[in-house]
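*Asks:* I would like to see how this sequence folds:
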Amino acid sequence: MISMSLKEISTAIAAEVKFADLESRVTGKVVIDSRKVSPGDLFVAIKGENVDGHDFAAQAIKQGAIAVISDKEIPGVASLIVTQGNSNSKEVDQPTVIALGKLAKYLLQRLPNLWKVAVTGSSGKTTTKDLLAELGKLVGPTVAPIGSYNNEIGLPQTVLECDENTKVLILEMGARQVGNIKHLCEIAKPDTSIILNIGTAHAEIFTSPEKIFQAKSEIIDCLTSTDVAILNQEDPQFAQLKTKAKVISFGLTGSNVSASNVILNKNAQAQYEMEYEGKTSLVNLKLIGAHQVSNSLAAAAAFLQKGIAIEDISKVLSNATPKSKWRLQIEKSKNNVTVINDVYNANPESTKSAIKTLKQIGEDKNTFAILGEMRELGNLSKQLHEEVAALIQKLEIKNTLVIGNGAKPIYDYLLTHEYSGKLLFVESVDSALVKAKEIIQTNDVVLVKASRSVGLERVANAIVQDFSDNLTNNSNQEVGL
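*Replies:* Numbers count the residues shown, from 1 in each chain. Predicted structure coming up:
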């Protein structure tokens, strides 16, 4: 972060200063985890479901924090006290989270020449964000989110990593309701916005496809006529998207940035010819899955329209490796079982892509789809799980193990539609571990996929470990913001 005095910060976030020297300067980072505080940092006390950051404010000061952003006075602790918001909340409307956003917005005002690229979509956000971060190095020092820092807490933290040397800021924007992305755009004011796709993720929360469309559209609603919107021409709702910005489309054919002669190798890695304004360049992706062609085109479009050479972009894309775990992560056990670990999260679009990847990688082998529930689909849940089942049948996946009642429509559909493969259903992850140990053999190819909260990383890890510790939860839990 740019070095700032407490006086400057307190003015930016409308805070009252207590037990602190206004001329003291924050020279380090802005942190929300007291265990990560270093001398010169600013600590933000946030209330979570299980922990209240205010309880660790004094410890943060002992570790070298210059001050604490707090929603109340803490005796003897140098504090910037903020009151806008709901002080009883544990959500993003609490005062310290609002203040975090204000500080991020202020910092960006101090960096008017920073190029800000924002990305959203029902699937593919994090992978595309990682590609954008790699491409950013072609321009200069780049800041991008860690993991899936894409909400009202994670996005400001990413912004506050920027300093005077930063040239490119990459931002991932997620939404749990209409208005979330609009708020994130009010903080960051992106110059280039990308919509990868508009699918059915979180259909239960949004209640209707129209609201999903509205939520994702907010990332281009905020743009001006001098900004750029990068849109997926192959998305069914492409024609309905409206923006004041210049539109750059991407897709396989007929787009501003397109891909031709797409070939998938035996590991489901794509090779294609990227074309833009009459120029072409060969891309050989190391990322897994045919859908990565679309993600890479979207990332490339942001930099092509900035004038970066297509050959330089294709080289970066070809050298890019997966950065985020549990997203089509390929692992092998000592018994040569190939595991496609895609348990970070699941929605209908990403699950279908994963099943296609399973078919490609396991073309001449014994294939297993181990699937749990895709959550937050509301009234569409049964239909969307059945669509996944129909794809399993169409692609002739040889074995399907369904876990939990939420995913049971997959099992029921295959059972009643003359599925030719081996079909199994269990009610729990522990039962799935036992069953998987019984049926998975040397040289099999196995996809493990479900929504994050189902906990199927236990299954993926057990298979990779040849079931040496199959009933132990060794998942190394990760929280995606």
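*Asks:* where does the prediction get shaky in the stretch 1-150 of the chain?
*Replies:* Residue ranges of the stretch 1-150 of the chain with pLDDT under 70: none are present.
*Asks:* again, only this time at 80
*Replies:* With pLDDT under 80 as the threshold, the stretch 1-150 of the chain has low-confidence stretches at 147-148.
*Asks:* just the helices in the stretch 251-400 of the chain please.
*Replies:* Assigned by DSSP state H, counting those that start in this stretch, the stretch 251-400 of the chain shows helices spanning 292-304, 310-319, 348-361, 381-394.
*Asks:* which one of those helices is the most hemmed in?
*Replies:* Between the helices of the stretch 251-400 of the chain, helix 292-304 has the highest mean count of neighbours, a mean of 27, where neighbours are mean count of other Cβ atoms under 10 Å. Backbone N, C-alpha and C define where each C-beta goes, glycine included.
*Asks:* is it correct that residue 352 is in contact with residue 387?
*Replies:* Yes - between residue 352 and residue 387 there is a contact at 7.5 Å, judged by Cβ atoms under 8 Å.
*Asks:* got a list of what residue 103 touches?
*Replies:* With contacts defined as Cβ atoms under 8 Å, 6 or more residues apart in numbering, the neighbours of residue 103 are 9, 12-13, 30, 69, 156, 160.
*Asks:* could you dump these into CSV with secondary structure added?
*Replies:* Formatted as CSV, the contacts of residue 103 follow (DSSP: H, G, I helix; E, B strand; the rest coil):
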residue, secondary structure
9, helix
12, helix
13, helix
30, strand
69, strand
156, helix
160, coil
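*Asks:* and which of those is nearest residue 112?
*Replies:* Checking those against residue 112 with Cβ to Cβ, the nearest one is residue 12 at 15.6 Å.
*Asks:* what's residue 174 in contact with, if anything?
*Replies:* The contact partners of residue 174, taken as Cβ under 8 Å, 6+ apart, are 120, 125, 148, 150-151, 180-181.
*Asks:* for it, give me the pLDDT.
*Replies:* In this model, residue 174 is scored at 92, pLDDT.
*Asks:* then residue 471?
*Replies:* The confidence metric pLDDT takes the value 42 at residue 471.
*Asks:* same question for residue 396.
*Replies:* 97.
*Asks:* could you count how many residues lie near it?
*Replies:* 11 (other Cβ atoms under 10 Å).
*Asks:* next up, the contacts around it.
*Replies:* Counting by Cβ under 8 Å, 6+ apart, residue 396 makes contact with 359, 420-421.
*Asks:* for it, give me phi and psi.
*Replies:* phi 60, psi 50 (degrees, to the nearest 10).
*Asks:* check the offset of stretch 18-32 from the chain's centre.
*Replies:* Relative to its parent chain, stretch 18-32 has a centroid offset of 31 Å by Cα atoms, centre = their mean, to the nearest Å.
*Asks:* with stretch 292-301 instead?
*Replies:* Here stretch 292-301 shows a centroid-to-chain-centroid distance of 15 Å under the convention Cα atoms, centre = their mean.
*Asks:* next: stretch 114-133.
*Replies:* Going by Cα atoms, centre = their mean, where stretch 114-133 is centred and where its chain is centred differ by 8 Å.
*Asks:* first to last residue in it, what's the distance?
*Replies:* Terminal residues of stretch 114-133 are spaced 14 Å apart (Cα to Cα, to the nearest Å).
*Asks:* now do the strands in the stretch 51-200 of the chain.
*Replies:* Per DSSP state E, counting those that start in this stretch, the stretch 51-200 of the chain has strands spanning 67-70, 79-81, 115-120, 142-143, 168-172, 192-195. These are given in chain order.
*Asks:* mean neighbour count and distance to residue 135 added to those, as TSV?
*Replies:* What follows is these, written out as TSV (neighbours: other Cβ atoms under 10 Å; distance: least, Cβ to Cβ, whole Å):
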stretch	mean neighbour count	distance to residue 135
strand 67-70	27	34
strand 79-81	24	37
strand 115-120	26	9
strand 142-143	20	8
strand 168-172	26	9
strand 192-195	28	12
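*Asks:* dump those into a markdown table; add distance to residue 205 as well.
*Replies:* As requested, the strands of the stretch 51-200 of the chain are exported to a markdown table (distance: least, Cβ to Cβ, whole Å):
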| stretch | distance to residue 205 |
| --- | --- |
| strand 67-70 | 29 |
| strand 79-81 | 33 |
| strand 115-120 | 15 |
| strand 142-143 | 29 |
| strand 168-172 | 18 |
| strand 192-195 | 19 |
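*Asks:* still on that earlier bit, buried only: go through the contacts of residue 103 for me.
*Replies:* Under a neighbour-count criterion of 16 or more other Cβ atoms under 10 Å, the subset of these counted as buried comprises 9, 12-13, 30, 69, 156, 160.
*Asks:* may I have stretch 247-264 as CSV, with CA atoms only?
*Replies:* Backbone C-alpha positions of stretch 247-264 (Å, rounded to 0.1, in the frame of the first residue of the first chain) are rendered in CSV as follows:
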residue,chain,number,x,y,z
VAL,A,247,-17.4,-3.9,-26.8
ILE,A,248,-14.8,-6.5,-27.7
SER,A,249,-16.2,-10.0,-28.3
PHE,A,250,-14.6,-13.3,-27.9
GLY,A,251,-15.6,-16.8,-29.1
LEU,A,252,-14.7,-19.6,-31.4
THR,A,253,-16.0,-17.9,-34.6
GLY,A,254,-17.3,-14.5,-35.7
SER,A,255,-15.8,-12.6,-32.8
ASN,A,256,-13.2,-9.9,-32.4
VAL,A,257,-10.9,-12.4,-30.7
SER,A,258,-11.5,-15.9,-32.0
ALA,A,259,-10.1,-19.4,-32.0
SER,A,260,-9.9,-21.7,-34.9
ASN,A,261,-8.4,-25.2,-35.5
VAL,A,262,-9.0,-26.2,-31.9
ILE,A,263,-7.4,-29.6,-31.0
LEU,A,264,-7.5,-31.3,-27.7
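*Asks:* next, the buried residues of that stretch.
*Replies:* Buried positions in stretch 247-264, judged by neighbour count with 16+ other Cβ under 10 Å: 247-251, 255-259, 264.
*Asks:* do the same with stretch 48-64
*Replies:* Going by 16+ other Cβ under 10 Å, stretch 48-64 has these buried residues: 53-54, 56-58, 60-61, 63.
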